[in-house]
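Trainee: Starting from these lines, generate the structure:
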Amino acid sequence: MSTILIVGGVGPDGRPFDLSVVDGFTSASRAPGPHFNAAGLTVVPGFVDIQTNGGWGHDFTEEPCSIWEVGDLLPSTGVTSFCPTIITAPDDRVRAAQQALRNRPAGYTGAEPIGLHVEGPHLSFPGRGTHSADLLRSPSESTLTSESVVITTIAPELDGARELIEAMTNAGVHVSIGHSHASASEANSGIEAGARLATHLFNAMPPITGREPGIIGAVLSDERVRFSLIVDAVHLAPEVVRMAWQGRADRLILITDAMAATGMPDGRYEIGDVGVTSARGAVRNDDGDLAGSVLTMDVALKLLQEQTGAPLALAIAAATSTPAAAVGRTDIGVLSPGARGDVALLEGDTVAATIVRGNVVHLLDPERLEGGPGAAS
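Mentor: Okay, here's the model as predicted:
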């Protein structure tokens, strides 16, 4: 039996909080085992990022096998679960990503991929953003299978969209509406067909107006639908983030939409088959359109608090339990007994340590852990 005891920390509400992780799961018992001294640290669930395209020089669409390499690095940002995102691309890219998830490296201990987010090719032409126009496809022509796919983004106004949304929902895939110029009526049709998510709300969709609320109005007025935001201060004005938080905090999901330039110097990169430039915190294609971000989840959590004034005790759900619930997972994003032993330990805005399935995989101060890094064995 492997055990690690996290002692001396506080929870997001500032109250003292100790935690046991036994055989990879949080436990109400305190079996003997190594101690992690969490004095001065805040103990929170590991972050869940349901939309990330890559990072550290790797793009999942072009290099599906890099999912595991990037996954090894994500715990440094507090992420313990993620959805590798494949954007609009030839069919073989999704198949290659499905194959990559089947080929888990021996001894892997990084952030856990919980399934693919397939963003496209069933997107609208005016809402495509950086997605290649030549590769867009009608939902009626879909070849997507549900294997290893946890989310797919679909524009609900396209021919065959309702039928595909219903089919994917029945197959256990969580459908998100986005990259769309749908009217509110068309968005509501997608929601009635089973869509329960909206992809980076406000971006790649028309603005809300008094007479045509569009996707934004349909989503914000429907309590069944959760929505993701990119709060990097580039994609959205702080006032928009604050408005969304004040109206639907319990439905707001932080995502990074990170791409290959994340964790790297400014310069030229690719997202899918599209060349982009990363400069001063923004990533744009050659037409000047935004193309993913260089955001990380720890920074996203910090920015959400700054832009909304929300205390950590409330904001933390947007990075943990809300995205987990959006993909039907009750075993991650929480620290209740029986949940997976995924923990982030914060020192202010810094991720001091990250634990995945009871294994310490990121640690700034080895002296905090009795027996040294990886002592949970």
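Trainee: Helices of the stretch 1-150 of the chain, residue ranges please.
Mentor: 66-73, 91-102 (DSSP state H, counting those that start in this stretch).
Trainee: And the strands in the stretch 1-150 of the chain, which stretches?
Mentor: 3-10, 16-22, 25-27, 35-37, 42-45, 47-52, 54-55, 58-59, 79-87, 112-113, 116-119, 149-154 (DSSP state E, counting those that start in this stretch).
Trainee: coming back round to it: now, of the helices of the stretch 1-150 of the chain, which is deepest in the fold?
Mentor: Comparing those by mean neighbour count (mean count of other Cβ atoms under 10 Å), helix 66-73 ranks first with a mean of 20. All C-beta atoms are positioned from the backbone trio N, CA, C, and that covers glycine.
Trainee: out of the helices of the stretch 1-150 of the chain, nearest to residue 147?
Mentor: Of all those, it is helix 91-102 that lies closest to residue 147, at 5.2 Å by Cβ to Cβ.
Trainee: what stretches of this protein score poorly on pLDDT?
Mentor: For the chain, the stretches with pLDDT under 70 are 1, 371-377.
Trainee: domain ranges for it?
Mentor: Domain segmentation of the chain under automatic domain parsing yields 1-44+336-377, 47-332.
Trainee: Please identify the most buried of those domains.
Mentor: Ranked by mean neighbour count, with mean count of other Cβ under 10 Å as the criterion, these are topped by domain 47-332 at a mean of 21.
Trainee: Next, report how far that domain is displaced from the centre of its chain.
Mentor: 7 Å (Cα atoms, centre = their mean, to the nearest Å).
Trainee: residues touching residue 103, list them.
Mentor: residue 65 (Cβ atoms under 8 Å, 6 or more residues apart in numbering).
Trainee: Next, name the residue at the spatial heart of the protein.
Mentor: residue 49 (1.9 Å; Cα atoms, centre = their mean).
Trainee: With the flanking residues excluded, which residue is spatially nearest to that residue?
Mentor: residue 82 (4.5 Å; Cβ to Cβ, 6 or more residues apart in numbering).
Trainee: measure that neighbour to residue 60 for me?
Mentor: According to Cβ to Cβ, to the nearest Å, residue 82 and residue 60 sit 10 Å apart.
Trainee: Please enumerate the shared neighbours of those two.
Mentor: residue 52.
Trainee: just to revisit the earlier point, the helices of the stretch 1-150 of the chain: which one's closest to residue 111?
Mentor: Of the helices of the stretch 1-150 of the chain, the one closest to residue 111 (Cβ to Cβ) turns out to be helix 66-73, at 4.7 Å.
Trainee: tell me what that closest one is packed against?
Mentor: strand 54-55, strand 58-59, strand 79-87, helix 91-102, strand 112-113 (3 or more Cβ pairs under 8 Å, 6 or more residues apart in numbering; DSSP states H and E).
Trainee: ok, the last one: who's next to it in the sheet?
Mentor: In its sheet, strand 112-113 lies beside strand 79-87 (parallel), with partners assigned from DSSP bridges.
Trainee: list the contacts for residue 109?
Mentor: Counted by Cβ under 8 Å, 6+ apart, residue 109 has contacts 72, 356-357, 359, 361.
Trainee: try 6 Å this time
Mentor: 359, 361 (Cβ atoms under 6 Å, 6 or more residues apart in numbering).
Trainee: Over to residue 188?
Mentor: Counted by Cβ under 6 Å, 6+ apart, residue 188 has contacts residue 218.
Trainee: Can you tell me the SS state at residue 270?
Mentor: What DSSP: H, G, I helix; E, B strand; the rest coil gives for residue 270 is strand.
Trainee: Grab the nearest non-local neighbour of it.
Mentor: Excluding the flanking residues, the one nearest residue 270 by Cβ to Cβ, 6+ apart is residue 59, at 5.7 Å.
Trainee: Surely the one you found and residue 260 touch.
Mentor: Yes: using Cβ atoms under 6 Å, residue 59 is in contact with residue 260, at 4.5 Å.
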